[in-house]
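**Q** Pasting the sequence and the predicted coordinates here, then a few questions.
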Amino acid sequence: MQLTRPQLIIVGVAGFIIVFFTLVFLGFIPGLRDDIALPRVELNVWGVGDELKVWQEVGSKFEALHPNVQVKYTKLDVTNYEKQLVNALAAGTGPDVFMFHNTWLLKHSDKVIPVTEEKLPLATFRNFFPTIAEQDFVRNSKIYALPISIDTLALIYNRDIFDNKKIAVAPTTWDELKNTVVKVRELDSRGAITKSALAIGGTSKSVNNAADILSLLFLQFKTDMVSPDKTRAAIANNQGIQAVNFYTQFAKPSSFYYTWTDSFKPSINSLTSKQTAMILGYASEIPDIKAKNPALNFGVAPAPQFDKNNAVNFPSYWGLAVSSKTTHTTDAWDFIILATTDAETARNYVTLTSKPPALRFLINEYLNSPTLGTFAAQALTAKSWPQADNSEIKKVFDTMIESVVSGKLTTENALLEAEVKVSALMVSI
C-alpha cells in the first residue's frame, strides 16, 4: 500500500519523536537528563565531638542517593563552637548544616530554617522521637532541628568504694542517696571532708554539671522556671527555694549531709582519682572518665528521683539544623532526615560514637544495654526549660549557689537576684 503525502509526514514525525526520546533516555543528548542537569552542590556540615569517620559513612550514603551533592564535615572545638558558628553565619561563611544544642532555640531560632510540613509532618516527628525533642526543637508547630542523640544526667559511681562500704545497690531516690552519702564520705577529726561521697552542692568551678544538676532539681520540685507567656523567669518561689536548699545542703559544713566543697578538683577528676564515690554525669563524659583512669571500676545508675513513679530527668544533647543562609535548603534537610531517621544510619551512629540513641525504636532496642540502657530509658522522661542563654544562665546559677553556700544571701534573696538576671536575658532576645 502506497502512503499518501500527509501519512508520510505523520509517520516521519512519529519516528523522529521516538528516536529523539530514546537518545535522551540513553544519555546521547547531554543536558536533558535530570542527573546531568542538576548543579554540583557542596554541603558543608559543622559539628562537635564526632570524628570525621563518623560522618563519612553518612555522607557517602547521602551522596549515593544524591550524585550531584558532596558532603564535607568539619569538626570544631566545643569550647568556642558557638562563637565561631555565630561569627561565620554573620559573615556568610558558615555551614549549610550544623549541630544545634537543645538549649539554643530561644537564642538562635533566627539563624535556622524549619523543615516544611510536607517534608516532615509534626505527627511523624512525634512518632520518631521522645517528647523532649519536641520541647527543645519545636515552636509554633515548626520543627527547627532533629536530634542525633539524647543524653541525660545519670549517677556514675565507683563500684569498689560501694563494695568496701557494703553498699550493694546504687541509690535510686534522693533519700536513699542521702543515706549513702553518710555511709560513704570520710571526715577527719575536725569534720573536714577527706573523701567525698558525691560531687554536688558546689559551683561549676568544681562540679562539672552544676547548673544542669540544679535544673534537674528545679524540675523535680516542679518549679515553673518561666512565666506562662515565656517572657520572664519564675524561679523565686517555694519550689525554687526547696530546690536550691536541697542542692546547697551538700556543700554546707553545718549540714548533716555535708560532702563537697569548691576546693575539690573538678568532679570528673575527683571520680577518676577516687576522691569522690559518685558524680552526676552524661554518657558523653564516659570516654573522658575511661581515658583518665582506664582501670576505674564504675557503674551507671538512673538519676535519683523524689517520685520514681513520675520520674524527671534532665537532658543535654545536640541536633542538626539548616542554616538560614544556605542556598541548598532542600538538600540540607534531606541530609538531616537521612542522618537522624534512617534506621541503619542512626544505628551506626550509636555504634560509632557510644552515644545514647534518639529514635524511639532504637531507644527500645537499647533499654537493656549495660552501657547505654540507663541513658536510653531516661530520654523518655527527660524534661527541659526554655533557656535564653545557657552559658549566661550557668554563670547566674554559679553566683546564686556561691551566695547561698557562703551565707552572703538567704536562699530567697539569692533566687530573687537570679530571677531578675535570667528575666533580663529573656528580654534581651
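**A** Yep, it's here.
**Q** Return the set of buried residues in the helix or strand hosting Ala123.
**A** If you go by DSSP states H and E, Ala123 is part of helix 122-128. Residues 125, 128 are the ones in helix 122-128 that count as buried (16 or more other Cβ atoms under 10 Å). Placement of C-beta: from N, CA and C, glycine included.
**Q** What's the mean pLDDT across it?
**A** Averaged across helix 122-128, pLDDT comes to 98.
**Q** Use 50 as the first number for this chain going forward.
**A** Done: numbering now begins at 50, and the last item shifts to helix 171-177.
**Q** Count residues in the vicinity of the closest residue to Leu265 other than its chain neighbours, would you?
**A** With Cβ to Cβ, 6 or more residues apart in numbering as the criterion, Leu265 has its nearest non-adjacent residue at 3.9 Å, and that residue is Phe363. Neighbours of Phe363 under the rule other Cβ atoms under 10 Å: 26.
**Q** Remind me what the helix holding Ala172 packs against, helices and strands.
**A** helix 180-186 (3 or more Cβ pairs under 8 Å, 6 or more residues apart in numbering; DSSP states H and E).
**Q** Go ahead and produce PDB holding the CA coordinates of the helix it packs on.
**A** Output in PDB follows, covering the C-alpha atoms of helix 180-186 (Å, rounded to 0.1, in the frame of the first residue of the first chain):
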ATOM      1  CA  THR A 180       8.600  14.200  73.900                       C
ATOM      2  CA  ILE A 181      11.800  16.100  75.000                       C
ATOM      3  CA  ALA A 182      12.800  16.600  71.300                       C
ATOM      4  CA  GLU A 183       9.500  18.500  70.700                       C
ATOM      5  CA  GLN A 184      10.100  20.600  73.800                       C
ATOM      6  CA  ASP A 185      13.500  21.600  72.700                       C
ATOM      7  CA  PHE A 186      13.300  21.800  68.900                       C
END
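**Q** How about residues contacting that helix?
**A** Identification of contacts with helix 180-186 by Cβ atoms under 8 Å, 6 or more residues apart in numbering yields 149, 151-152, 154, 174-175, 192-196, 199, 364, 368, 407, 428-429, 431-433.
**Q** OK, contacts around the residue positioned nearest the centre of the chain?
**A** In the chain, the C-alpha nearest the mean C-alpha coordinate belongs to Tyr366, at 0.6 Å (Cα atoms, centre = their mean). The contact partners of Tyr366, taken as Cβ under 8 Å, 6+ apart, are 150-151, 196-200, 407.
**Q** Find the nearest non-adjacent residue to Val97, please.
**A** The nearest residue in space to Val97 (Cβ to Cβ, 6+ apart) is Val127, at 4.2 Å.
**Q** same question, Gly141
**A** Using Cβ to Cβ, 6+ apart, the closest residue to Gly141 is Lys374 (6.2 Å).
**Q** on that earlier part again, can you check the pLDDT for the residue nearest to Leu265?
**A** Phe363 carries a pLDDT value of 98.
**Q** right, and it touches Ala203 too?
**A** No: Phe363 is beyond contact range of Ala203, at 10.1 Å (criterion: Cβ atoms under 8 Å).
**Q** From the contact counts, what lies against the helix or strand where Gly348 lies?
**A** Gly348 belongs to strand 347-351 when assigned by DSSP H and E. Applying 3+ Cβ pairs under 8 Å, 6+ apart, one finds that strand 347-351 makes contact with strand 203-207, helix 208-213, helix 422-427.
**Q** And the second one, what's buried?
**A** Applying a neighbour-count criterion of 16+ other Cβ under 10 Å, the buried positions in helix 208-213 are 210-211.
**Q** So what touches it?
**A** 217, 219, 233, 323, 326, 346-348.
**Q** ok, now the first one?
**A** Applying Cβ under 8 Å, 6+ apart, the contact partners of strand 203-207 are 219-220, 226, 320, 323, 326-332, 334-335, 338, 345-353, 423-424, 427.
**Q** For it, give the mean pLDDT please.
**A** In this model, strand 203-207 has an average pLDDT of 98.
**Q** just the last one next, same as before
**A** Per-residue pLDDT values across helix 422-427 average out to 98.
**Q** can you check stretch 434-442 too?
**A** What stretch 434-442 shows for mean pLDDT is 96.
**Q** ok so, going back, and the residue nearest to Gly141, how many neighbours?
**A** Counted with other Cβ under 10 Å, residues neighbouring Lys374 total 17.
**Q** any idea whether it is helix, strand or coil?
**A** Taking DSSP: H, G, I helix; E, B strand; the rest coil as the rule, one finds Lys374 in the coil state.
**Q** what sits against it?
**A** 138, 141, 143.
**Q** In strands, which of the residues you listed appear?
**A** Judged by DSSP state E, strands contain none of the contacts of Lys374.
**Q** wait, which of the residues you listed is closest to Asp273?
**A** Checking the contacts of Lys374 against Asp273 with Cβ to Cβ, the nearest one is Leu138 at 32.8 Å.
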